[in-house]
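Novice: what's the 3D shape of this:
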Amino acid sequence: MYRIGIRSWTLLLLSILLPLAAEAQLQLTPYSILEERLRGGNHFTQGFFFDGQRWWESSGLYRHSWLAEYTDPTTKPVRRKWLPRKLFAEGLTVLGDKLYLLTYKAGEAHIYRASDLHHLEVLSYSGEGWGLTSNGTYLIMSNGSDELTFRDPDTFEVLRRLKVQGGGEEWSNLNELEFAKGLIWANIWQDSRIVAIDPQTGEVRGAIDLIALSPDIRSHPDTVANGIAWDKARNGLWVTGKYWKQIYLIRPEGLGFKTKAASEVNANSQ
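Specialist: Alright, predicted model coming up:
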């Protein structure tokens with residue numbers, strides 16, 4: 001009698017916990033490819049941003065780091081700033097009339113005037129700099145861990161720390177960032193997935209796997225996905241990677257993005 005009771009409770013507990021565990025596993029969000037563009041494969045892309053008219057990109061490595069502005073990222077830059085040889089360029093974002101550029105281990109955030117890339121000032125921070133984005137009010141920064149920091153754009157002071165969690169996984173190596181559709185989108189270093197993070201709770205809401213877009217990594221060990229830029233007008237995300245010759249405009253089927261317009265659905269059903 002006692003043994004039967006224990007077994008029954010065990011089966012009941014498993015029937016409750018197993019579905020919850022399965023539900024906790026991160027589900028991949030499908031996406032459609034809206035456009036593919038080709039360019040040179042010598043970009044060690046660290047930061048990527050598009051305001052609807054202009055593009056900005058940072059490329060890393062010591063003695064080779066630069067910041068560039070484009071009207072089209074597949075052509076020559078309108079402006080390019082080479083960083084000092086001792087600096088390794090990392091993520092960037094534009095907030096207001098300023099562009100913010102991180103450095104890897106120097107602890108320096110370089111501020112530029114977005115209109116002409118005129119260097120304005122340097123702000124200091126502790127630790128490593130990886131990715132950077134903005135929610136329109138504050139800067140949001142990654143440092144290669146599972147934690148994001150919200151920072152004051154005037155002082156770079158840390159205002160809030162956010163631990164990224166959920167999806168049945170431990171998260172680290174959070175890299176390039178983009179804020180779109182009310183979520184923080186993050187590349188993961190050495191991972192083909194982009195994750196969408198709730199900016200209030202740190203919960204991972206979903207993921208997109210770019211493995212089908214990735215070039216042959218045998219060409220270079222650093223040929224990894226890195227670079228996300230939101231295209232508001234076309235309702236998609238531009239994605240690329242280090243040493244990638246391609247830039248793709250993709251549209252997730254969910255996570256705040258509309259799947260198909262009604263006219264598209266009607267046309268396909270006829």
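
Novice: Please make it C-alpha for all contacts and neighbour counts, starting now.
Specialist: Fine.

Novice: if you go through the protein in chain order, where are the helices?
Specialist: Applying DSSP state H to the chain gives helices spanning 2-24, 262-269.

Novice: Can you flag the weakest of the ones you listed by average pLDDT?
Specialist: Per-stretch mean pLDDT for these is lowest at helix 262-269 (a mean of 40).

Novice: Show me what counts as buried in stretch 249-258.
Specialist: Using 16 or more other C-alpha atoms under 10 Å as the burial criterion, the residues of stretch 249-258 that qualify are 249-252, 255.

Novice: Check stretch 226-241 too.
Specialist: Applying 16+ other C-alpha under 10 Å to stretch 226-241 flags 226-231, 235-241 as buried.

Novice: which among these gets closest to H110?
Specialist: G227 (19.1 Å; C-alpha to C-alpha).

Novice: my read: the closest one touches F50, true?
Specialist: No: counting by C-alpha atoms under 8 Å, G227 stays clear of F50, with 11.0 Å between them.

Novice: for L174, what are its contacts?
Specialist: The contact partners of L174, taken as C-alpha atoms under 8 Å, 6 or more residues apart in numbering, are 130-131, 142-147, 186-189.

Novice: where's it relative to R54, distance?
Specialist: 26 Å (C-alpha to C-alpha, to the nearest Å).

Novice: can you check I111 too?
Specialist: 18 Å.

Novice: what about these two, which has more around it?
Specialist: I111 (22 against 14; other C-alpha atoms under 10 Å).

Novice: In contact with that one: list those residues for me.
Specialist: I111 neighbours (C-alpha under 8 Å, 6+ apart): 98-101, 119-123.

Novice: P252 is in contact with Y31, isn't it?
Specialist: Yes: P252 is within contact range of Y31, at 4.1 Å (criterion: C-alpha under 8 Å).

Novice: Name the residues contacting each of the two.
Specialist: I208.

Novice: and Q190, what does it touch?
Specialist: 224-225 are the contacts of Q190 under C-alpha under 8 Å, 6+ apart.

Novice: make that L67, sorry
Specialist: L67 touches 56-59, 80-83, 89, counting by C-alpha under 8 Å, 6+ apart.

Novice: For Y112, see how far away it is.
Specialist: For L67, the distance to Y112 - C-alpha to C-alpha - is 10 Å.

Novice: do the same with I228
Specialist: 20 Å.

Novice: Could you do N135 as well?
Specialist: From N135 over to Y112 the distance is 19 Å, taken as C-alpha to C-alpha.

Novice: Neighbour count: the two, which is higher?
Specialist: Per other C-alpha under 10 Å, whichever of N135 and Y112 has more neighbours is Y112, with 19 against 16.

Novice: Next one, pLDDT for P221 please.
Specialist: Value for P221, per-residue pLDDT: 74.

Novice: Nearest residue to S145 in space, please, no chain neighbours.
Specialist: S172 (4.5 Å; C-alpha to C-alpha, 6 or more residues apart in numbering).

Novice: Quick one: residues contacting that neighbour.
Specialist: S172 sits in contact with 144-147, 188, where contact means C-alpha under 8 Å, 6+ apart.

Novice: Just the buried residues out of those residues, in ChimeraX syntax.
Specialist: Command for ChimeraX, covering only those of the contacts of S172 found buried under the criterion 16+ other C-alpha under 10 Å:
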select :144,145,146,147,188
